[in-house]
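[1] Give me a 3D structure for the following:
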Amino acid sequence: MVCLVTGSSRGLGKATALAFGRNGHQVVVHYRDNKTEAEAVASIINEAIALKADVRYPDDIKTLVDTVIKKWGRIDVLVNNAGITRESLLVKTSVQDFDEIINTNLKGPFNLTRAVSRYMMKQKSGHIINISSYAGVKGKEGLSVYSASKAGLIALTKTAAREFGRYNIMVNAVLPGYMLTDMGIGSGEKAKELALQDNLVKEYSNPDNVAEFICYLAGTTGITGQVFNLDSRIL
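    Residues are numbered from 1 along each chain as shown. A predicted model of the protein is given here:
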């Protein structure tokens, strides 16, 4: 399978790209700024390329997808993982931050899904996996825009699943749980403490475990429109 993983120069995206590589698939390691890190990830995988694009801009995405199609002729799996957050109370959140978070976390997956699905429809197969968040279901103080973007991504997942099912394209969302990636570490000590406090097994989520689940899900058929909670906090 040809697997495109956005935001895969580090964190969960990196773990997912490496997992696809270990399972013998061709992998597109996508990045926006971290070229060196992305190329390092690609170098570990037997068949991989590192490609730059800003997911907020349709023209960037078109160039990215066209490059993949030119190289491998198809895209079988899209993992919409790229995302950002800014911690701030709603009344203190700027319009600029709102736009940047929504454009990255929600418009980005929309842009990619729209571009990639056209090829998947011709193939009559494909799997799109959107990385959402516990915050998108429960909400989280200080993360109003992030939570809204991830809730919107769940709705986008369910709608896309309805539209693309006739083409044998599976669309699902994954809630990976609180991980000690750059984003998780950057959320501060209080957020980390609360995540453990609500977790039934008192453990952070393991990016490698989540990545292996994503790889498994990408290989299934007949499962679409679902939200898979890999967290151990009860929704």
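[2] Pull the contacting residues for the closest residue to residue 229 other than its chain neighbours.
    Using Cβ to Cβ, 6 or more residues apart in numbering and skipping the chain neighbours, the partner closest in space to residue 229 is residue 175 (4.6 Å). Glycine gets a C-beta too; all of them are placed from N, C-alpha and C. Residue 175 makes contact with 132, 133, 134, 136, 137, 227, 228, 229, 230, 231 under the criterion Cβ atoms under 8 Å, 6 or more residues apart in numbering.
[3] Show the backbone phi and psi for residue 175.
    The phi/psi pair for residue 175 (degrees, to the nearest 10) reads phi -100, psi 100.
[4] Please apply the same query to residue 21.
    Torsion angles at residue 21 (phi, psi; degrees, to the nearest 10) stand at phi -60, psi -40.
[5] Surely it touches residue 29?
    No - with the criterion set as Cβ atoms under 8 Å, residue 21 and residue 29 do not qualify as a contacting pair; they are 9.2 Å apart.
[6] who touches both of those two?
    Common neighbours of residue 21 and residue 29, counting by Cβ under 8 Å, 6+ apart, are 45, 48.
[7] ok, then the element right after whichever strand or helix holds residue 71?
    Residue 71 belongs to helix 58-72 when elements are defined using DSSP states H and E. Helices and strands here follow DSSP H and E; after helix 58-72, the next one along the chain is strand 77-80.
[8] What is the distance between that following strand and the centre of its chain?
    Its chain's C-alpha centre and that of strand 77-80 lie 7 Å apart, by Cα atoms, centre = their mean, to the nearest Å.
[9] got the end-to-end distance for stretch 159-172?
    End-to-end distance for stretch 159-172: 10 Å, by Cα to Cα, to the nearest Å.
[10] I appreciate the help and will end here.
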